[in-house]
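Requesting a structural model of the entry that follows:
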Amino acid sequence: MKSLGPAWPERAAWGTAPSLRAWQSAALRDYLDRSPRDFLAVATPGAGKTTFALTVAAELLGRRVVDRLIIVAPTEHLKQQWAEAAARAGLPIDPTYSAGSGKISSDYVGVAVTYAGVAVNPLAMRIRTERFKTLVILDEIHHAGDALSWGEGVREAFEPAARRLALTGTPFRSDVNPIPFVTYAPGPDGVKRSVADYTYGYAEALADHVVRPVLFLAYSGSMQWRTRAGDEVAATLGEPLTKDLTNQALRTALDPAGSWIPSVLAAADKRLSEVRRHVPDAGGLVIATDQDSARSYAKTLKAITGESPTVVLSDEKAASKKISQFSDDDSRWMVAVRMVSEGVDVPRLSVGVWATTTSTPLFFAQAVGRFVRARTRGEIASVFLPSVPNLLGFAAELELERDHALGRPVKDEDDIFAAEDDLLAQAQAGEAASAEMEALPFEALGSEARFDHALYDGAQFGHEGEVHVGSDEEMDFLGIPGLLEPDQMKELLRQRQDSRAKARRRTSETERAPDTVAEVATHEQLAVLRRELNGLVGAWHHRTNQPHGVIHSALRKECGGPAAAVANAAQLQLRIDRIREWAMRKSS
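I've put the predicted structure just below:
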């Protein structure tokens with residue numbers, strides 16, 4: 001075998017260097033001590049999985065444990081990103097290589113390919129893997145599910161590899177298909193679950209100041225639409241609705257011709273302006289459902305800001321270049337159709353707008369992960385969400401970690417997008433419409449936004465009654481400083497909520513007739529309590545997998561009283577207190 005020569009980094013230059021974070025050093029020590037053929041590292045987005053993996057690669061190359069490196073990534077953009085990171089680490093990687101293209105320049109120590117590229121010609125990749133002692137880095141390994149051609153190709157191509165290092169920052173979607181080169185072990189319930197060799201979760205990273213905390217800002221509002229049968233429907237986003245009605249209300253809210261999305265984009269831009277007072281290069285990202293919507297949102301943002309945002313569409317050849325340019329400049333906004341999801345590194349992203357109908361745990365974790373990479377202590381990510389129960393549940397349980405379980409069926413809202421990996425692949429190919437959207441044709445007639453509440457560290461903060469966009473009450477949350485310690489953020493949220501609530505009550509008592517005060521206050525109080533209860537039920541559902549109806553029934557059984565829709569304030573508050581007790585007991 002030809003020597004790699006002095007260009008490759010020697011072992012002394014790597015290892016537990018001061019530049020490594022504590023978790024990276026610990027994971028590296030564990031890897032080198034055990035020297036396993038397969039190693040799965042699960043680390044929250046923004047924690048530094050790339051640095052860890054390239055440090056392992058340099059160590060193995062320096063020790064001559066391996067001679068070559070193959071990096072497998074989900075997208076073309078991530079291939080380039082990996083090659084750039086490897087170059088900075090002194091490991092030249094060819095990101096233009098495709099399976100079957102033959103030899104590469106002797107200047108390279110390895111190649112970067114996509115899962116799709118491996119699936120096209122796994123035999124060619126297998127031959128390359130067999131020719132050298134090869135380390136294969138499998139980025140976002142959850143894409144390699146056996147039922148997909150990607151998984152089949154990965155297993156065939158890299159079975160003979162000397163070492164395989166698998167990485168993921170996203171909870172695996174539950175299904176029945178084992179992922180290649182991942183170890184599974186039965187749990188107490190007999191269900192086999194993936195076993196990570198090293199895990200570094202969001203809660204740990206937050207405590208270490210490796211990632212930012214996230215402030216979620218939820219917006220509800222009135223929606224009107226017409227069904228295919230010609231029926232006109234009016235509903236309030238955030239109130240209890242059937243799954244179909246919730247989906248149609250969400251699509252109405254996201255309609256570019258309505259008032260909801262422009263109001264939320266304007267609010268998000270106000271928040272970005274506040275953040276940029278403290279972090280001058282902070283940027284925002286709007287995640288859109290399809291290309292037409294993305295272009296419309298971009299026009300709205302230009303009207304709001306006077307600046308044309310960067311628009312990233314999956315079928316554009318320049319998409320990867322646009323993301324890189326946005327990452328390096330200090331412009332305000334980028335609008336993307338699923339392109340900026342897992343692994344895409346734009347550290348200055350600080351404000352996000354969820355303007356997509358995609359609502360699975362997997363995609364939520366991927367998307368929110370784009371905003372949590374910490375650069376300066378005190379930075380806070382702000383993500384604007386529609387008041388949809390499952391999204392609010394995901395937000396409340398951000399730090400929840402789930403292993404990939406075998407033999408457990410996909411349930412509830414996962415059913416809408418059960419083939420999550422298939423949809424991601426379609427989005428990268430420019431296929432915008434989802435099967436769910438085609439199955440629910442309708443015509444949006446109008447929408448109106450209102451601020452619902454803020455969600456931070458699992459706690460809900462909001463004013464009593466409706467909060468209109470552009471109001472002082474809304475600015476209590478949009479105007480929060482861009483740099484705050486987590487404890488400072490929580491205390492400020494409490495103070496602003498309490499002071500505004502007291503001011504509103506004093507105003508109501510002095511300016512309105514007694515009978516009107518009582519009527520309005522009761523209506524507002526019940527609406528607030530129902531929204532809080534529904535949010536907590538949604539969070540408990542995502543923690544336990546119990547259906548919403550079962551949870552409501554259990555609360556009624558323990559606390560008494562009628563259904564939530566007709567319960568009085570005292571009954572609703574009792575249920576809220578009870579479900580919070582459940583959560584505290586489960587956490588302890």
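
Strands of the stretch 1-150 of the chain, start to end?
Counting by DSSP state E, counting those that start in this stretch, the stretch 1-150 of the chain has strands at residues 38-43, 68-73, 93-94, 110-114, 134-138.

Report the mean confidence score over stretch 28-40.
Taken as a whole, stretch 28-40 carries a mean pLDDT of 96.

Of all the strands of the stretch 1-150 of the chain, which one comes closest to residue 364?
strand 38-43 (16.9 Å; C-beta to C-beta). (Glycine included, C-beta is placed from N, CA and C.)

related to what we said a few turns ago, which one of the strands of the stretch 1-150 of the chain lies closest to residue 274?
strand 38-43 (30.3 Å).

helices and strands around that closest one, which ones?
Secondary-structure packing of strand 38-43 (3 or more C-beta pairs under 8 Å, 6 or more residues apart in numbering; DSSP states H and E): helix 22-34, helix 49-62, strand 163-168, strand 198-200.

Partner strands of the last one and their direction?
The one in question is strand 198-200. The sheet places strand 198-200 alongside strand 38-43 (parallel), with pairing taken from DSSP bridges.

and the angle from the partner strand to strand 134-138?
If you take axes from the mean of the first three to the mean of the last three C-alpha atoms, to 10 degrees, strand 38-43 sits at 30 degrees to strand 134-138.

Please look at residue 266 and residue 469 and confirm they touch.
Yes - Residue 266 is in contact with residue 469 according to C-beta atoms under 8 Å; the separation is 7.2 Å.

So what's the gap between stretch 131-146 and the chain middle?
23 Å (C-alpha atoms, centre = their mean, to the nearest Å).

hang on, I meant stretch 479-497
That offset, for stretch 479-497, works out to 23 Å (C-alpha atoms, centre = their mean).

Report the buried residues of the strand or helix carrying residue 570.
Using DSSP states H and E, residue 570 sits within helix 569-587. For helix 569-587, the neighbour count (16 or more other C-beta atoms under 10 Å) marks 571, 572, 573, 574, 575, 576, 579, 582, 583 as buried.

from the residues you listed, which single one is nearest residue 455?
The closest of the buried residues of helix 569-587, once distances to residue 455 are taken by C-beta to C-beta, is residue 583, at 13.9 Å.

Need the per-residue pLDDT for that closest one.
Per the predicted model, pLDDT is 74 at residue 583.

hang on, isn't it packed against residue 539?
Yes - the criterion here is C-beta under 8 Å, and residue 583 meets it with residue 539 at 7.5 Å.

Which of the strands of the stretch 1-150 of the chain sits closest to residue 334?
Taking those one by one with C-beta to C-beta, strand 68-73 is closest: 20.4 Å.

who does the closest one pair up with?
In the sheet, strand 68-73 lines up with strand 110-114 (parallel), strand 134-138 (parallel) (DSSP bridges).

Pipe these into a markdown table and attach distance to residue 50 per row.
Shown next, in a markdown table, are the strands paired with strand 68-73 (distance: least, C-beta to C-beta, whole Å):
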| stretch | distance to residue 50 |
| --- | --- |
| strand 110-114 | 12 |
| strand 134-138 | 9 |
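
worst average pLDDT in those?
strand 110-114 has the lowest average pLDDT among the strands paired with strand 68-73, namely a mean of 94.

relative to helix 49-62, how tilted is that one?
Going by the same axes, to 10 degrees, strand 110-114 makes 140 degrees with helix 49-62.

who's in contact with strand 110-114?
For strand 110-114, contacts defined as C-beta atoms under 8 Å, 6 or more residues apart in numbering pick out 68-76, 78-80, 82-83, 86, 91, 93-95, 97-99, 104, 125, 128.

again, only using 6 Å
68-73, 79, 82-83, 93-95, 97 (C-beta atoms under 6 Å, 6 or more residues apart in numbering).

Convert that strand to CSV, retaining C-alpha atoms only.
What follows is strand 110-114, C-alpha atoms only, in CSV (Å, rounded to 0.1, in the frame of the first residue of the first chain):
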residue,chain,number,x,y,z
GLY,A,110,-11.2,10.6,0.6
VAL,A,111,-14.5,11.6,-1.0
ALA,A,112,-17.9,12.9,0.0
VAL,A,113,-21.0,11.4,-1.5
THR,A,114,-24.8,11.5,-0.9
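
Which is the succeeding secondary structure element to the one helix or strand residue 363 maps to?
Residue 363 is located in helix 361-368, with elements delineated by DSSP H and E. The C-terminal neighbour of helix 361-368 among helices and strands, as given by DSSP H and E, is strand 381-386.

Who are the packing partners of that next one?
Counting contacts by 3 or more C-beta pairs under 6 Å, 6 or more residues apart in numbering; DSSP states H and E, strand 381-386 packs against strand 214-227, helix 260-278, strand 349-355.

TSV for the ones you listed, including distance to residue 324 and mean neighbour count?
Shown next, in TSV, are those (distance: least, C-beta to C-beta, whole Å; neighbours: other C-beta atoms under 10 Å):
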stretch	distance to residue 324	mean neighbour count
strand 214-227	25	22
helix 260-278	21	21
strand 349-355	13	26
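
Nearest approach to residue 311 belongs to which of those?
The nearest among the helices and strands packed on strand 381-386, by C-beta to C-beta, is strand 349-355 at 13.1 Å.

outside of the closest one, which residues touch it?
Under the criterion C-beta under 6 Å, 6+ apart, residues 254, 268, 271-272, 275, 282-288, 370-371, 381-385 lie in contact with strand 349-355.

coming back round to it: scan the contacts of strand 110-114 and report the most crowded one.
residue 72 (30 neighbours; other C-beta atoms under 10 Å).

Which residues are in contact with that residue?
113, 115, 138.

re earlier: so which of the helices and strands packed on strand 38-43 has the densest surroundings on average?
Across the helices and strands packed on strand 38-43, the average number of neighbours (mean count of other C-beta atoms under 10 Å) peaks for strand 163-168, which reaches a mean of 24.

tilt between it and strand 134-138?
Using the same axes, to 10 degrees: strand 163-168 against strand 134-138 is 10 degrees.

tell me, how many neighbours does the closest residue in space to residue 280 that isn't next to it in sequence end up with?
Closest residue to residue 280 apart from its sequence neighbours, by C-beta to C-beta, 6 or more residues apart in numbering: residue 330 at 6.8 Å. Using other C-beta under 10 Å, residue 330 has 11 neighbouring residues.

and the gap between residue 330 and residue 319?
Distance of residue 330 to residue 319, given as C-beta to C-beta, to the nearest Å: 20 Å.

And for residue 528?
Note on residue 528: its distance to residue 319, by C-beta to C-beta, is 43 Å.

Likewise for residue 396?
33 Å.

What of residue 583?
For residue 583, the distance to residue 319 equals 41 Å [C-beta to C-beta].

Could you give the number of residues near residue 105?
Neighbours around residue 105, by other C-beta under 10 Å: 8.

now residue 66
Residue 66: 22 neighbours (other C-beta under 10 Å).

before we move on, back to that, from the contacts of strand 110-114, which single one is nearest residue 50?
residue 82 (6.9 Å).

quick one, what contacts the closest one?
71, 73, 112.

partner residues bridging the last one?
So that's residue 112. residue 71.

Quick check: buried residues in stretch 135-152?
Quick answer for stretch 135-152 (16+ other C-beta under 10 Å): 135-145, 148, 150-152.

can you list contacts of it?
Stretch 135-152 is contacted by residues 53, 57, 60, 66, 69-74, 115, 119, 154, 158, 161, 163-168, 172, 177-180, 342-343, 421 when judged by C-beta under 6 Å, 6+ apart.

and that stretch, C-alpha only, in CSV?
Extracted C-alpha coordinates of stretch 135-152, given in CSV (Å, rounded to 0.1, in the frame of the first residue of the first chain):
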residue,chain,number,x,y,z
LEU,A,135,-13.4,4.8,7.5
VAL,A,136,-17.0,5.6,6.5
ILE,A,137,-18.7,8.6,8.2
LEU,A,138,-22.4,8.2,7.9
ASP,A,139,-23.9,11.7,8.5
GLU,A,140,-27.6,11.8,9.6
ILE,A,141,-27.7,8.0,9.6
HIS,A,142,-31.4,7.9,10.1
HIS,A,143,-31.8,8.3,6.4
ALA,A,144,-30.5,4.8,5.9
GLY,A,145,-33.7,2.9,6.8
ASP,A,146,-33.6,-0.5,5.2
ALA,A,147,-37.0,-0.1,3.4
LEU,A,148,-35.5,2.7,1.3
SER,A,149,-33.0,2.2,-1.5
TRP,A,150,-30.6,4.4,0.4
GLY,A,151,-30.4,1.9,3.3
GLU,A,152,-30.0,-1.0,0.9
